[in-house]
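In: The sequence isn't on hand, but the structure is:
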């Protein structure tokens, strides 16, 4: 298979899976193993910037509204909660990096994390049906969401969007409010992660090695941007009248399939 086609496939996978609660990193690791097309951490995290830009384009009115009304108490509180969640993620993320915790390139832990995420969605949905959902994220919820992002970063297959949405729903937040907070939080989180890794890749591997990947990066970025835009638009429409159970069943099936592939073949 041509190298450029591998890049397009990985870009499509990234775009579709980054904000759906099914784990983009987990899908990329499995895809790279199946395609025998291993990519650097810079590529895998960097092309997420394309998917994040898609969310910026979709939520530009909400972002503009928060900016224009940043002196109003309601906007300040919401921005404060986003800042709190991001700050917790940044601090704990740096600590985990210093401790040597890095993404694995093995599909086995991905399979278990995908399976565990399915259980988490089933539990969150069951609990949400027993209470009246609220439309606001609490300060405690923002803190837990920040921690959940770090957990998702350490264990590929967990899914950043799934971990943050599940955390919010477990605290009684409605699906759409949990999803919006998760997606808006993903903007600074993923841009910061991409920038941090880019700097380290330049330092560790040298400018020449990193710049040599810019062709793949640009193509993957563009493909993930388009596919993520379509995927997020679809998800927001879907959640108007559906829950997350479909994604739980998908994760359950995928996790079992991966475990069977690993242990039987």
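Out: Sure, I can see it. Keep in mind the model is a prediction, meaning the values are calculated, not measured.

In: use CA for all of it now, contacts and neighbours both
Out: OK.

In: quick one, what contacts the residue sitting nearest the centre point of the chain?
Out: Per CA atoms, centre = their mean, the C-alpha nearest to the average position across the chain is that of residue 160, at 3.7 Å. Residues near residue 160 by CA atoms under 8 Å, 6 or more residues apart in numbering: 19, 21, 23, 148, 149, 152, 153.

In: Phi and psi next, for residue 240.
Out: Residue 240 adopts backbone torsions of phi -60, psi -30, taken as degrees, to the nearest 10.

In: excluding its backbone neighbours, what's nearest it?
Out: In this structure, residue 240 finds its nearest non-sequential neighbour in residue 176, 7.7 Å apart by CA to CA, 6 or more residues apart in numbering.

In: what residues are up against the one you found?
Out: By CA under 8 Å, 6+ apart, the neighbours of residue 176 are 236, 239, 240.

In: Can you list which of the contacts of residue 160 are found in helices?
Out: Among the contacts of residue 160, the members falling in helices (DSSP state H) are 148, 149, 152, 153.

In: What subset of the residues you listed is buried?
Out: Neighbour-count burial (16 or more other CA atoms under 10 Å) is assigned, among the ones in helices among the contacts of residue 160, to 148, 149, 152, 153.

In: Let's have those in TSV, adding pLDDT and distance to residue 247.
Out: What follows is those, written out as TSV (pLDDT from 0 to 100; distance: CA to CA, whole Å):
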residue	pLDDT	distance to residue 247
148	95	18
149	93	19
152	90	17
153	84	20
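
In: Quick one: the residues you listed as TSV, columns for distance to residue 207 too.
Out: What follows is those, written out as TSV (distance: CA to CA, whole Å):
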residue	distance to residue 207
148	33
149	29
152	29
153	25
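
In: Kindly indicate which of the residues you listed lies nearest residue 11.
Out: Nearest to residue 11 among these is residue 153, at 19.2 Å by CA to CA.

In: ok, now how distant is the closest one from residue 58?
Out: Using CA to CA, to the nearest Å, we find residue 153 at a distance of 24 Å from residue 58.

In: Can you give me every residue that contacts residue 200?
Out: Taking CA under 8 Å, 6+ apart, one finds nothing in contact with residue 200.

In: sec struct for it, please.
Out: helix (DSSP: H, G, I helix; E, B strand; the rest coil).

In: Quick check: the gap between it and residue 160.
Out: 22 Å.

In: same question, residue 14
Out: 13 Å.

In: For the closest residue to residue 147 other than its chain neighbours, give me its contacts.
Out: Among residues not flanking residue 147 along the chain, residue 89 sits closest, at 6.0 Å (CA to CA, 6+ apart). Residues counted as contacts of residue 89 (CA under 8 Å, 6+ apart) are 146, 147, 149, 150, 189.
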